[in-house]
Structure formats: structure tokens, C-alpha cells
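1. just coords:
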């Protein structure tokens, strides 16, 4: 038996969404009216009958999450935020849709608009990120109890979201983990930009999701009672759920409804007037009936009682648990972290190891994880190679939600997106690993992490031709430059165990954006033999070795595995009477962000400047100048033992010394 819903009242509420969406897109002369018009019934049922939220406090930790994966339909969520009374979302902001500095940008942006859970627009990212949110909810609930962590994650997804390849990685991971508090509402309108979906796709999404371990069903997306009944069944399921809601894109538009013309452009004056007439709406722009607005505002305020009850439940936690919960959701580092890292650095200084930086990373993590329970490590099926699983770590599984290691499977893109969701949810610091070359597979999600200012950590090992025999398919060449090109992404490439510990510290201290740790497969000679109190990597570059005799003829800048090459070249140059200093540059972009006087002091006045890195030159001219020397890669790599490859491509101490000598003698 279907739930009872007042059809007339429901239509009043849904049409308020349609009114605002149609008029905002029309006024902006830009946007996507079709999805909000078609999905208004689904959204109305969700927000009025199922979603746990308090509009006055959109950051309440135990709220249900609503992710508009189909971010092009942004006016749907903006209309809901305004109608429910979310602070900051006014009618004037609705009228300023897609205008400069408005709170209603073309696609939803987290932290820009209160009530928006994540930045969406690139299709597939929302549903994949929501998987991470559901994972975080389960883990946090297992740790702090259902009295304070007990909420659902809802996603409104489009045909496009489900066609993107990342969606398969996401639904397979969610089904395997039995994330039953993840509910996807599929706006099944059968239309894409090019026309009917049938011209490009014939997948049975119900069977597809079922095969991945989901509960899946199809309902009439314009029947509120059927939608609510499906949501109730989903909430009672032991599996994640897909509800395919069969809708009409541009619902109500006399000529464009059900066609691609309703998707991504204003309806136009005549079609807009016709749509309003067919829906029984006022022809006046942005005219929401007072009765509808009053009802929506009451729905927005209804969650205050649930939030108040949650506050009381939270107060019943022990003071220690309250402090820990608040610390972690506030991105505050554990108080013992500094001491743990200092002790680790002292141990390294006492016995400097010749090891790969991936192994050095493992050693650092052995010091970090006992004092940082929120650090959630994982790998895309390369755990033995990435060195990210500690000896005592238990895997996160459907049966063990307290596990703190995630086996993401061979799903690099899905892993990166899920980590975004984990970070956005709060309570954990995700760090996931794969080979450096596969940042290509992760890149869209990495870019979103940077755009959303999320402190995600990517442990990327096998960072150059130094991985050797696997050859050019697996050897990163352009990747360091490509990662450095992403705004707000910080790439760290340590040279030894001491720098690796400091780079982990920088990654963990950062709360305003993501960090890549680029780590070697091959062993490296230690170059930092003392445990400085300060983090020498914090400025992105620092003088590792000064010039003998004081004045430098040349400065050699290097990163990671090429530092030992630079150090050896310095010795060769000294034998030729050429004085060189060595500057380690663990983070080129962090260094370039320093004040001019800091950069100038570190770069120094030496006439000859050379950069050494087993990657391409791009980006280094900002340090060495257009006439500076560069010893590195300009082609793809090859398959051979790594020492032979360094000789083949001319990345050797001899090559550095010869280049400096030739310029010195000019």
C-alpha cells in the first residue's frame, strides 16, 4: 500500500521549484531548466518526506547529505535552499543566477553556497564522491555510536552520471561494501544533449546496479506516493539502493518537454509562458505563492527538533569522546603528532637509512598512525608496492566498519573521488595510493579536491624512470609538471627518509587543499643527516649544501631521487675548481608561493643555475630562468634496470658536472 500524500499540496511545493528554475534560467539567458522542472517531484518528496536536515544549521554533523550529482541542474538545489530558508540564499541571489559573485553559480560549489555538500558539474563525480560520504558515515558511526552518527546520503543522478566510467567504479565499490545508507535517485528522463538517450546508450541500469550488489527499482518520477514508498523501501534495505525515477525533462513545457531542447538553454518567452499556463503558475517572474513559501519554510524548520535531540545525545558522550569528535571534525591535528614525528626524525638521524622513499613513507606512517586514528589509508590494489598498510591495520569491510585501511580495488578514479567524499563528510583524513603514472586516472577527482579545498593526500609511488623494468607505460615523465599545473594542489617529492617525514608532516598540517607525495621505488642515499627542529621542507626549497669557499659559481636545484645525483656532481665540480651549492626543492609550487625575498635568498646570485629532475623541464624556468640548464627527460622512458636508464637519458652526476663546466668556461 502506497503512503498517503496530499497531491494538491505536493504540486504546490513542486511547482515553486519549477517557477524559480524557469525564471532564473530565463533571466540569466543561460542554464539548464529541464532537470529542475522534471525532477521537482522527486526533490519535493525527498525534502518534504524523507531528508533529515535543519535549514538554519546546514552544517549540522548528523544531517542527511544531499548530493546533486547532475550539477548542471543547479537551480534545483538553489531553489530548495531558498524555499527552505537556508541562510544566505535569498530571492535576490536566485535572480542573480550565474552572475559574478552570486551565491548561485552555474554549477554548485561547496563552501561558496551554504547547504551545498560538494562541487558538482563534471558528471559522475557526485555519485562517486557520495560513496566516500557513506563510507565515512559508517566508520564514524561505528566509532562514536549511532546516537550521534546516523544519517543517509542521497544522490540525484542523471543519465550522464551513469554513463561516465567512474560510476561503475563507484557502484561496484559501494555494492561490495554494502553501503546501505547510500540511496541514488536516478532522474531517468531518457534525454541527453544530442537527443534521445537511445542514440548512444541501451544499458539496463536496473540490472547493472543489481549485478553490482545494489537494490534497484524503477518508479514513476511524477507519482509522489510511489517515490516515497521506494525511498522507504531503500531505507529498510541492507544494500545501497538505486531508484530510477521515470521523469519528463522540462515537465510542463508545451513543446520542449521530453526533448533535448529543454536540457541546456532557456525556454524562451513563448515556451516559458506556455509552461506557466499549463502548470497553473503566475506569469510574473519569480512569483512563488505565499502558501507555498510558508509550507517550504516550515519544512526547513522542522529539522530543528531532530538537531536539538542530537545535541542532547552528543552531550551524553564522555568529555573525551566529545573533544575527539570536535577535534576531528574541526581538522585539528592530534596533540601527540608533533612529538611522534620529532622522535621519528631523531631515530633517522641516529641511523640514516638507505631506502626508497616509499619505504621511508611507511616508516613515517608507523610513527604517525598510533597517534592519529583519523588517518584513513588505502590503495588501489597496490598495497605491497605503495607501502601504505601498517602491520596492525585492519581493513574496512562491510563486517568491520572500524577498519582503517581501504582496499579500493583497481579503481584509481573511484578511489580519488571516494576520498573527496570522506574528506567532505568529516571525521577522517583520507590518504590513498597507487603508482604515480595513474594520477592520470585520478586527475578529474584530484582537480575537484583542489577546487573544493579538501585535504586529501595521494601517496604516489614509482615516481620516475627509476621504477625501471616496467617501462614507459608505467614511468611518469610529464606527471610532475601536470600535477604542479593544478591550482591549489601541492606536490611533494622528498629526497630521503628525513625529507619524507617532513613532507608527511606538511601534508597532514594542510587543511585547505590536497597534497601529492611523489615517492621512489629505488633506494636513495640519505642526504639529511641531522634532525632539525624546524621543518626544512616547509618553504618548498632550502639550501642543502652550501658552496665550498663561500661564493657559489653555480647552484644546482634538484628534487627527490635526483638530489643524490646533484650531491655527487657538486663533488666532481669541486675537483675542477668550480664551487656549487645544492638546493633541495621538495615542492616547486610551494617554493614559488613564498615571498619574493625568500625566493631570492634561496635561489641565490650564482650565475649558473641548473635543475635536475627525472621529469620534463616545464615549470623550472621560474627558478633557473629561460637560459638555465636542465638535466632531465624530454621523451618517454624505456624498459631496463633503472641505473641503465639514468645513464641512457643522461641524468647522471657526470652530465650535470659537464653542463655546468661548459657554461662556466663560456
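-> Alright, I've got the coordinates. What you are looking at is a predicted structure, and each value in this text was computed from that prediction instead of being measured.
2. average pLDDT for the lengthiest helix in the chain?
-> Taking DSSP state H as the criterion, the chain has its longest helix at helix 7-28. What helix 7-28 shows for mean pLDDT is 98.
3. how about it: buried residues?
-> Residues 10-28 are the ones in helix 7-28 that count as buried (16 or more other Cβ atoms under 10 Å). For every residue, glycine as well, the C-beta is placed using N, CA and C.
4. Stretch 284-299 now?
-> 286, 288, 292, 293, 295, 296, 299.
5. Please flag which of these sit within strands.
-> Judged by DSSP state E, the buried residues of stretch 284-299 include no members of strands.
6. Now the two most distant members of those residues.
-> The largest separation in the buried residues of stretch 284-299, counting by Cβ to Cβ, is between 286 and 299 at 19.8 Å.
7. In terms of pLDDT, where does residue 3 sit?
-> Taking residue 3 on its own, its pLDDT is 83.
8. cool, residue 548 as well?
-> Note on residue 548: pLDDT of 86.
9. does it count as helix, strand or coil?
-> Three-state call for residue 548 (DSSP: H, G, I helix; E, B strand; the rest coil): coil.
10. coming back round to it: pick out whichever of the buried residues of stretch 284-299 sits closest to residue 363.
-> Out of those, the member with the shortest distance to residue 363 (by Cβ to Cβ) is residue 299, at 53.2 Å.
11. Please name the nearest non-neighbouring residue to the closest one.
-> Closest residue to residue 299 apart from its sequence neighbours, by Cβ to Cβ, 6 or more residues apart in numbering: residue 48 at 5.3 Å.
12. Please enumerate the helices of the stretch 251-400 of the chain.
-> 269-279, 290-302, 304-315, 319-329, 337-350, 357-368, 383-386 (DSSP state H, counting those that start in this stretch).
13. which residues does the nearest residue to residue 614 once chain neighbours are set aside contact?
-> The shortest distance from residue 614 to any non-neighbouring residue, by Cβ to Cβ, 6+ apart, is to residue 464 (3.9 Å). If you count contacts by Cβ atoms under 8 Å, 6 or more residues apart in numbering, residue 464 has them with 436, 475, 476, 477, 520, 560, 561, 614, 615.
14. Go ahead and confirm the fifth one touches residue 563.
-> No - because the distance of 10.8 Å does not satisfy Cβ atoms under 8 Å, residue 520 is recorded as not touching residue 563.
15. what is the mean pLDDT for stretch 141-160?
-> On average, stretch 141-160 scores 98.
16. Can you get me the start-to-end distance on it?
-> Taking Cα to Cα, to the nearest Å, the first and last residues of stretch 141-160 lie 32 Å apart.
17. how about residue 613, phi and psi?
-> phi -160, psi 140 (degrees, to the nearest 10).
18. If I look at it, what pLDDT would I see?
-> Reading off the model, residue 613 has pLDDT 98.
19. ok, residues contacting stretch 98-116?
-> The contact list for stretch 98-116 (Cβ under 8 Å, 6+ apart) reads 24, 28, 30-31, 55, 58-59, 68, 71-72, 74-75, 77-78, 81, 86-89, 93-94, 96-97, 117-121, 424, 451-453.
20. Narrow these to those in strands?
-> residue 68.
21. which of the contacts of stretch 98-116 count as buried?
-> Using 16+ other Cβ under 10 Å as the burial test, the contacts of stretch 98-116 include 24, 28, 31, 55, 58, 68, 71-72, 74-75, 77-78, 81, 86, 89, 93-94, 96-97, 117-121, 424, 451-453 as buried.
22. one step back: need the helices of the stretch 251-400 of the chain in TSV with distance to residue 217, can you?
-> Below are the helices of the stretch 251-400 of the chain laid out as TSV (distance: least, Cβ to Cβ, whole Å):
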stretch	distance to residue 217
helix 269-279	28
helix 290-302	26
helix 304-315	27
helix 319-329	35
helix 337-350	47
helix 357-368	43
helix 383-386	37
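23. thinking residue 52 is in contact with residue 304, fair?
-> No - taking contacts as Cβ under 8 Å, residue 52 lies outside contact range of residue 304: 11.4 Å.
24. These two: who's more crowded?
-> Counted by other Cβ atoms under 10 Å, residue 52 and residue 304 do not tie: residue 52 has more neighbours, with 17 against 14.
25. which residue packs closest to residue 129, ignoring adjacent ones?
-> In space, residue 129 comes closest to residue 421 once its chain neighbours are excluded; the distance is 4.0 Å by Cβ to Cβ, 6+ apart.
26. now do residue 232
-> Ranked by Cβ to Cβ, 6+ apart and with sequence neighbours excluded, the top spatial neighbour of residue 232 is residue 3, at 7.2 Å.
27. same check, this time on residue 565
-> Nearest one to residue 565, counting by Cβ to Cβ, 6+ apart, is residue 653 at 5.4 Å.
28. residues touching that neighbour, list them.
-> 565, 566, 568, 569, 571, 572.
29. That one and residue 521: what is the separation?
-> Applying Cβ to Cβ, to the nearest Å, the value for residue 653 to residue 521 is 20 Å.
30. immediately after the longest helix of the chain, which helix or strand?
-> Going down the chain from helix 7-28, the next helix or strand is helix 34-45, by DSSP states H and E.
31. And that following helix, what does it pack against?
-> helix 7-28, helix 74-84, strand 153-157, strand 182-188, helix 224-235 (3 or more Cβ pairs under 8 Å, 6 or more residues apart in numbering; DSSP states H and E).
32. Is it possible to get CSV of these that adds distance to residue 370?
-> Compiled in CSV, the helices and strands packed on helix 34-45 are given as follows (distance: least, Cβ to Cβ, whole Å):
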stretch, distance to residue 370
helix 7-28, 50
helix 74-84, 41
strand 153-157, 30
strand 182-188, 31
helix 224-235, 38
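33. closest to residue 266 out of these?
-> Per Cβ to Cβ, nearest to residue 266 of the helices and strands packed on helix 34-45: helix 7-28, 4.8 Å.
34. where along the stretch 451-600 of the chain do the strands fall?
-> Secondary structure of the stretch 451-600 of the chain, counting by DSSP state E, counting those that start in this stretch: strands at 457-461, 490-492, 515-518, 542-545, 554-558, 580-584.
35. For these, give me TSV that also has mean neighbour count and distance to residue 147.
-> Putting those into TSV (neighbours: other Cβ atoms under 10 Å; distance: least, Cβ to Cβ, whole Å) gives the following:
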stretch	mean neighbour count	distance to residue 147
strand 457-461	26	31
strand 490-492	26	38
strand 515-518	27	34
strand 542-545	18	49
strand 554-558	28	54
strand 580-584	25	50
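36. Looking at these, which is nearest to residue 620?
-> strand 554-558 (7.6 Å).
37. returning to that earlier point: how far is the longest helix of the chain from where the chain is centred?
-> In terms of Cα atoms, centre = their mean, to the nearest Å, the centre of helix 7-28 is found 32 Å from the chain centre.
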